[in-house]
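1. Provide a 3D model corresponding to the input given below.
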Amino acid sequence: MHIEQILRTKGSDVVTARADETVAQAAIRMEANSIGALVIVDQGDLPVMENGKLAGLVSIGDMVKERLNEIEGEASALRSYIAGA
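-> So this is what the prediction gives:
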């Protein structure tokens with residue numbers, strides 16, 4: 001199988017998000033488009049590039065990992081608060 005076969009099936013539209021959007025906004029966009037990754041663009045809707053290479057791609061896995069880290073941090077803070085009370 002080749003990538004072109006996958007693109008014919010799922011389409012080749014590229015969905016983007018700005019770096020200043022929230023994780024929730026990006027997740028809504030992914031769900032609405034039934035996709036698992038977004039290309040990150042700057043304020044002018046151009047892909048974020050560094051040294052001639054695409055610098056920004058965020059996947060659903062990246063967002064889940066970040067959210068889990070937030071939850072673990074909150075849980076740790078609550079445990080510390082309770083232990084100190």
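2. how far is the longest strand along the chain from where the chain is centred?
-> Longest strand in the chain, counting residues (DSSP state E): strand 37-41. Distance of strand 37-41 from its chain centroid, counting by Cα atoms, centre = their mean, to the nearest Å, is 7 Å.
3. can you pull the buried residues of that strand?
-> Ala37, Leu38, Ile40, Val41 (16 or more other Cβ atoms under 10 Å). In short, each C-beta sits where N, CA and C put it, glycine included.
4. State the mean pLDDT of it.
-> Over the span of strand 37-41, the pLDDT mean works out to 89.
5. same thing with stretch 61-81?
-> 91.
6. Which residues does that stretch contact?
-> With Cβ atoms under 8 Å, 6 or more residues apart in numbering as the test, stretch 61-81 has contacts from Val23, Ala26, Ala27, Gly36.
7. Most neighbours among those, which one?
-> When neighbours are taken as other Cβ atoms under 10 Å, the top entry among those is Ala26 (21 neighbours).
8. now the most centrally placed residue in the chain, nearest residue through space, not along the chain?
-> Nearest to the mean C-alpha position of the chain, by Cα atoms, centre = their mean, lies Val58 at 3.6 Å. Among residues not flanking Val58 along the chain, Leu38 sits closest, at 5.3 Å (Cβ to Cβ, 6 or more residues apart in numbering).
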